[in-house]
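A.B. asks: Pasted the sequence and its predicted model underneath.
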Amino acid sequence: MTSEVHGHGPEELCETGTQLYARALREGHVPSPDAGEAPCLVAFGLLQPSVEDLGRLEPIAPAVALHRLLRNVEDRVADERRREARLAEMFEPLMRIDGPRTAGTDTPAIRVLSGTERINQALTEAVADATRELLCIQPHAPHSNERHEVAQVLALDRDQALLDRGGRIRTLYQHTTRHLPRVLARYEQLSGDAEARSLDEVTDRLIIVDRAVAFIPANKDGTLALEVSHPALIAYFATTFDRLWRLATPMYPQAVQRPTLNGVTPRQHAIASLLVEGHTDAVIAERLGLNIRTARVHIAKLAATLGSESRAQLGYLIGRSGILEQES
């Protein structure tokens, strides 16, 4: 009588079953075939075959049915309490073991978070407890599909709550995203101490909360992440962020335009640096957040500016021109 039928228990009787049981109570019985639409009534013992006519089902009085069901609940509670006692008895000697991993307050310095929902939940909980700052490195622009739009709205509310508590937000992007409307629009919706800067190249995604906990990706598709709370690692991440921040170009609240020197744009300067290191077009595009066609257009313009007629000559002319010694 305690088994589930049609995905529900007796305490959540379906509408069809409730109506049929009420009808049986009013009329004194119902035809057996009618119970085919609500087999839960027979399974839960609310209807039973008539002794006088096996083709009919008679209802059990509600008070009797309720008493039986409550008794079943009491039995289940008693079973759970016995299970609790067995577990406590089993783990009690284990908790007495004196070892480095037995203390109840021991929190792992690194936790693996699986799934975007779990990652976002852990991040939201960490920011909800923050009072000082949120440091972020975002190598790519936010997605624009419906699912990520919802995530962005939730993140906006979360970040605004931190700003309202007197905290600050610092975010590093790649130069390729500094003029995207949806990136700038996010900051225009925030009220408080929020700043953004950009670099040609940044690390993979990094989020540091109050310099106490950090989140970094653990795989390429972003479905695994590491939650790090080890002080030495946090200090390393924060130092890396601070040094990149000092090298970055302001983009919000006030944008600073990077100068073009001797006809070489800042983007071409970054490409030239990677070209002399011998990287392919595909690698250059990936590192600078460009598609490969755009990267090749910039390479062609750089070659035209320096008067190069071949890839090999371009590397030579870049070195001779001294553009890599100039500040971008």
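C.D. replies: Received it, and whenever you're ready, just let me know what you need.
A.B. asks: how many other residues sit next to residue 194?
C.D. replies: The criterion is other CB atoms under 10 Å. On that basis, residue 194 has 22 neighbouring residues. Placement of C-beta: from N, CA and C, glycine included.
A.B. asks: Verify the stated contact: it with residue 168.
C.D. replies: Yes. Judged on CB atoms under 8 Å, residue 194 makes contact with residue 168 at a distance of 7.2 Å.
A.B. asks: what's the closest non-adjacent residue to residue 193?
C.D. replies: Once flanking residues are discounted, residue 193 sits nearest to residue 168: 4.0 Å by CB to CB, 6 or more residues apart in numbering.
A.B. asks: before we move on, what about residue 266?
C.D. replies: Beyond its immediate neighbours in the sequence, the residue positioned closest to residue 266 (CB to CB, 6+ apart) is residue 258, lying 4.0 Å away.
A.B. asks: same thing with residue 267?
C.D. replies: Beyond its immediate neighbours in the sequence, the residue positioned closest to residue 267 (CB to CB, 6+ apart) is residue 298, lying 5.6 Å away.
A.B. asks: show me what contacts the one you found?
C.D. replies: 265, 267, 268, 271, 290 (CB atoms under 8 Å, 6 or more residues apart in numbering).
A.B. asks: Any buried residues in the helix or strand in which it is found, and which?
C.D. replies: Here residue 298, judged by DSSP states H and E, is contained in helix 292-306. By neighbour count on 16 or more other CB atoms under 10 Å, the buried set for helix 292-306 is 295, 296, 298, 299, 301, 302, 303, 305, 306.
A.B. asks: just checking, residue 35 touches residue 57?
C.D. replies: Yes. In terms of CB under 8 Å, residue 35 counts as a neighbour of residue 57; the distance is 5.6 Å.
A.B. asks: Show me whatever sits in contact with both of these two.
C.D. replies: 41, 42, 47.
A.B. asks: Does residue 83 belong to a helix, a strand or coil?
C.D. replies: Recorded secondary structure, residue 83: helix (DSSP: H, G, I helix; E, B strand; the rest coil).
A.B. asks: Give me the distance between it and residue 254.
C.D. replies: Spatial separation of residue 83 from residue 254 under the definition CB to CB, to the nearest Å is 63 Å.
A.B. asks: Look at the two and report which has more neighbours.
C.D. replies: Each of residue 83 and residue 254 had its neighbours counted (other CB under 10 Å), and the higher figure belongs to residue 83 (10 against 7).
A.B. asks: what's the spacing between the more buried one and residue 95?
C.D. replies: For residue 83, the distance to residue 95 (CB to CB) stands at 18 Å.
A.B. asks: Which segments of the protein make up each domain?
C.D. replies: In the assignment given by automatic domain parsing, the structural domains of the chain cover 1-103, 110-252, 266-325.
A.B. asks: and the longest one, average pLDDT?
C.D. replies: What domain 110-252 shows for mean pLDDT is 88.
A.B. asks: So which residues of this structure form strands?
C.D. replies: Here the chain has its strands, by DSSP state E, at 30-31, 47-49, 56-59, 110-114, 133-138, 168-174, 193-199, 206-209, 213-217, 224-228, 249-252.
A.B. asks: closest to residue 310 out of those?
C.D. replies: Closest to residue 310 of the strands of the chain, according to CB to CB: strand 168-174, at 29.2 Å.
A.B. asks: Show me what counts as buried in the closest one.
C.D. replies: Of all the residues in strand 168-174, those buried under the rule 16+ other CB under 10 Å are 169, 170, 171, 172, 173, 174.
A.B. asks: Switch these over to TSV; also include distance to residue 138.
C.D. replies: TSV is the format used below for the buried residues of strand 168-174 (distance: CB to CB, whole Å):
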residue	distance to residue 138
169	12
170	11
171	6
172	7
173	5
174	8
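A.B. asks: between these, which is nearest residue 139?
C.D. replies: The shortest approach to residue 139 among the buried residues of strand 168-174 belongs to residue 174, at 6.0 Å (CB to CB).
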